[in-house]
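Student: sequence and predicted model, in that order:
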Amino acid sequence: MVAPTLNSPYAAGSLASGFLQDGLNSINYARFLAGLPDDVVADPTYTSNAQHGAVLLAVGQFAHSQAQPAGMATDFYTIANGATSSSNIGWGYSSLWDFNISCMGDADTTNIDRIGHRRWILNPPLLKTGMGMANNRTDTWVFDWSRSAVVTYDSVKWPAAGVFPAEMFDTDVPWSITLNPSLYSWTSGTAGHTVTLVRERDGKTWTFTSADTDKSGQYFNFETSGYGVANCFIFRPAPSSVDSYQNGDVFDVTLSGGITKKSDGSAATIAYRTQFISQEDTSAPSLPPTPTPTPGQTFSTTTRLAGASSSKVRRTLKLTGSIAPAGAAGRVTIVRSRRVSGKWKRIGSAKVSAVGGKFAYRFTPGARGRWSFVATYSGGTVGSASYRGSKSAAKGVRVK
C-alpha cells in the first residue's frame, strides 16, 4: 500500500492487495447470488485509473465528472475524470466490500428509479474491474464489456430466484428484473406492465402498476436507459407494509403485460419464487482446529468481525466474531464509531466474552448514517496455553 497525495503534486498511491481482493470478492459474490458469471478479475489499468479517480473525488467535487482542480496535472486529471465517469462512486465507506454491497441497494430517492449501480455490477458481460479509495471516497470501474463469451440468461433478478440471503436485502430496497433483450421484446413505459408479489406465510399480496410512483413508499418503474442491459423493472412495497424479510420467507413474483417472446411473438410472463434464508451462521470465517498446546506455549491470534452491512435505526444489529486459533477465550472490546460531518467520531464501546474462539455482539444504533465497529481481543490464558491479543479490521454498517 502507498498512501495517495491529496495536494499538488498529486499522486494516486495504491491499495493493499488484500483490501482490493476483498472488494473484488464482493462483486463476484453479488454476481454469484444473481446467477451470473462470478469470475470478474481486477485489471491493473482499471485499478490504477480508479485510484486516480478516488483522489479526484477526495480533493474535488463528489461527481462523476467535474472541472480540473487547481494544481492537478492535466494527464492526472484526464485519467481520474475518465475513471469517475466510468465507475460507481461512493463517499463515507470504510471498505470496498461495504461500498460495492451498498451499490446493490440503490434504495434512496435519487437512485430507486433506475438502480444504476446495481445494474452495472450485475451487467452480464462485465469481466474486468478496478477499484480505488482515498479519504473514504471510493471508485469502482464498471464500464467494461470485455467478456467475449455470450452469457446465457433469461432475466437478471435481485433478489434472485431460489434461495437468497436475507442479510443482503432490506425492506427499503427495491426488487428488480432485467430481461434478456435477445429473448424478449416489450412496450416502453410503465403502462400495461404489472408485477404481483405474494408472501407465502400469510398470503399478503402487493400489486405494482404505473400508479405506484411514491419513491418513499410503494414504487414501480420500467427503466430502459443503458445502465448495463438497457431495461429494468423496478418494484418495491411500501417498507412499512413488509415489516421485515424473515429467514424462511417465500415470495412468488409474477411480471406480466406488454412483454413478448422474440422466438414466436407470443405474450410472455416472468414468474419465479424467492426464498430468504439466513447466512448468519456462516458469516464468520471458518476456524482452524483447536491446537493441542504444549506447556507454556503462546499463540498469535487473528480476530475477525462479520455481519450485515446495513441495518435500520433503532433495530438491533448483530455482529459475530471469531478468534483464530479456535481455542482462544477471554474479553473482547468492541469500539463503535460514527461518521459525523465528514469525520469519524467514537460513540462508546462494549465488552463481550469470547469462548472457544467465538463471540457475538448486539447493538441498537440510535442514529442513521455510517457506523464502524472494531473488535480488539485482549488475549488470555486457556489451560497451559496463552493467546496474544489482536484487533479486527473495521466492519462498516450503513444505518438507514
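Tutor: That came in fine, so what should we check first? Numbers count the residues shown, from 1 in each chain.

Student: can we go C-alpha only for contacts and neighbour counts from here?
Tutor: Noted.

Student: bridging residues for Gly90?
Tutor: When bridges are taken as DSSP bridges, the partners of Gly90 come out as Thr138.

Student: can you name the residues that contact it?
Tutor: For Gly90, the residues meeting the contact criterion (CA atoms under 8 Å, 6 or more residues apart in numbering) are 99, 137-139.

Student: contacts for the strand or helix carrying Ala360?
Tutor: Remark: Ala360 resides in strand 358-363, with elements defined by DSSP states H and E. Residues outside strand 358-363 that contact it (CA under 8 Å, 6+ apart) are 316-323, 326, 352-353.

Student: what do you get if the cut-off is 6 Å, keeping everything else the same?
Tutor: Applying CA atoms under 6 Å, 6 or more residues apart in numbering, the set of residues contacting strand 358-363 from outside is 316-322.

Student: dihedrals phi and psi, the most centrally placed residue in the chain?
Tutor: Central residue of the chain (CA atoms, centre = their mean): Ile101, 0.5 Å from the mean position. Note on Ile101: its backbone torsions stand at phi -70, psi -40 [degrees, to the nearest 10].

Student: now the nearest residue to it once chain neighbours are set aside: which helix or strand?
Tutor: Closest residue in space to Ile101, ignoring its immediate chain neighbours: Ser26 at 6.4 Å, by CA to CA, 6 or more residues apart in numbering. Assigning secondary structure by DSSP H and E places Ser26 in helix 17-33.

Student: and that helix, what does it pack onto?
Tutor: Under the contact definition 3 or more CA pairs under 6 Å, 6 or more residues apart in numbering; DSSP states H and E, helix 17-33 sits against helix 96-102.

Student: ok, and what's touching the next helix-or-strand element following the helix it packs on?
Tutor: On the C-terminal side of helix 96-102, the closest following helix or strand by DSSP H and E is helix 116-121. Contacting residues not belonging to helix 116-121 are listed as 103-104, 142, 227-228 [CA under 6 Å, 6+ apart].

Student: in CSV: those residues, plus distance to Ser378, neighbour count and pLDDT.
Tutor: Rendered in CSV, the data for those read as follows (distance: CA to CA, whole Å; neighbours: other CA atoms under 10 Å; pLDDT from 0 to 100):
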residue, distance to Ser378, neighbour count, pLDDT
Cys103, 35, 21, 95
Met104, 36, 24, 95
Val142, 41, 27, 98
Tyr227, 48, 21, 96
Gly228, 47, 23, 96
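
Student: and which of these is nearest to Val397?
Tutor: If you rank the contacts of helix 116-121 by distance to Val397 using CA to CA, Cys103 comes first, at 13.3 Å.

Student: phi and psi next, for that closest one.
Tutor: In terms of degrees, to the nearest 10, the main-chain angles of Cys103 are phi -60, psi -20.

Student: can you name the residues that contact it?
Tutor: With contacts taken as CA under 6 Å, 6+ apart, Cys103 has the following neighbours: 117-118.

Student: mind exporting the C-alpha coordinates of stretch 317-326 to PDB?
Tutor: C-alpha atoms of stretch 317-326 as PDB (Å, rounded to 0.1, in the frame of the first residue of the first chain):
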ATOM      1  CA  LEU A 317     -27.800  -5.200  14.800                       C
ATOM      2  CA  LYS A 318     -25.900  -8.500  15.400                       C
ATOM      3  CA  LEU A 319     -22.300  -8.900  14.600                       C
ATOM      4  CA  THR A 320     -20.400 -12.200  15.000                       C
ATOM      5  CA  GLY A 321     -16.700 -12.600  15.600                       C
ATOM      6  CA  SER A 322     -14.000 -15.300  15.600                       C
ATOM      7  CA  ILE A 323     -10.600 -15.600  17.000                       C
ATOM      8  CA  ALA A 324      -8.100 -18.000  15.500                       C
ATOM      9  CA  PRO A 325      -6.800 -20.300  16.800                       C
ATOM     10  CA  ALA A 326     -10.200 -21.500  17.900                       C
END
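
Student: what's the ChimeraX syntax to select whichever of the contacts of strand 358-363 are buried?
Tutor: Taking 16 or more other CA atoms under 10 Å as the burial criterion, the selection of buried members of those in ChimeraX is written as:
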select :317,319,320,321,322
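
Student: among the contacts of strand 358-363, which are in helices?
Tutor: Among the contacts of strand 358-363, no residue falls in helices (DSSP state H).

Student: which among the contacts of strand 358-363 gets closest to Cys232?
Tutor: The nearest member of these to Cys232, counting by CA to CA, is Leu317 at 31.5 Å.

Student: who's in contact with the closest one?
Tutor: The contact partners of Leu317, taken as CA under 6 Å, 6+ apart, are 362-364.

Student: kindly recompute the last result at 10 Å.
Tutor: By CA atoms under 10 Å, 6 or more residues apart in numbering, Leu317 lies in contact with 307-311, 361-365, 397, 399.

Student: show me what it is bridged to.
Tutor: According to DSSP bridges, Phe363 are recorded as the beta-bridge partners of Leu317.

Student: separation between it and Asp108?
Tutor: From Leu317 across to Asp108, the span is 21 Å (CA to CA, to the nearest Å).

Student: next: Arg273.
Tutor: When Arg273 is compared with Asp108 (using CA to CA), they lie 26 Å apart.

Student: of the two, who's got more company?
Tutor: With other CA atoms under 10 Å as the criterion, Arg273 and Asp108 differ in neighbour count, and Arg273 comes out ahead with 18 against 15.

Student: could you pull out the strands for the stretch 251-400 of the chain?
Tutor: With DSSP state E, counting those that start in this stretch as the criterion, the stretch 251-400 of the chain has strands at 259-261, 270-277, 298-299, 302-307, 310-311, 317-324, 330-340, 343-354, 358-363, 369-377, 380-382, 385-387, 390-391, 395-399.

Student: now those strands in JSON lines, with distance to Asn7 and mean pLDDT?
Tutor: Below are the strands of the stretch 251-400 of the chain laid out as JSON lines (distance: least, CA to CA, whole Å; pLDDT from 0 to 100):
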{"stretch": "strand 259-261", "distance to Asn7": "53", "mean pLDDT": "97"}
{"stretch": "strand 270-277", "distance to Asn7": "47", "mean pLDDT": "93"}
{"stretch": "strand 298-299", "distance to Asn7": "43", "mean pLDDT": "79"}
{"stretch": "strand 302-307", "distance to Asn7": "34", "mean pLDDT": "86"}
{"stretch": "strand 310-311", "distance to Asn7": "33", "mean pLDDT": "84"}
{"stretch": "strand 317-324", "distance to Asn7": "38", "mean pLDDT": "87"}
{"stretch": "strand 330-340", "distance to Asn7": "23", "mean pLDDT": "91"}
{"stretch": "strand 343-354", "distance to Asn7": "19", "mean pLDDT": "88"}
{"stretch": "strand 358-363", "distance to Asn7": "39", "mean pLDDT": "87"}
{"stretch": "strand 369-377", "distance to Asn7": "26", "mean pLDDT": "91"}
{"stretch": "strand 380-382", "distance to Asn7": "45", "mean pLDDT": "78"}
{"stretch": "strand 385-387", "distance to Asn7": "43", "mean pLDDT": "81"}
{"stretch": "strand 390-391", "distance to Asn7": "32", "mean pLDDT": "90"}
{"stretch": "strand 395-399", "distance to Asn7": "27", "mean pLDDT": "88"}
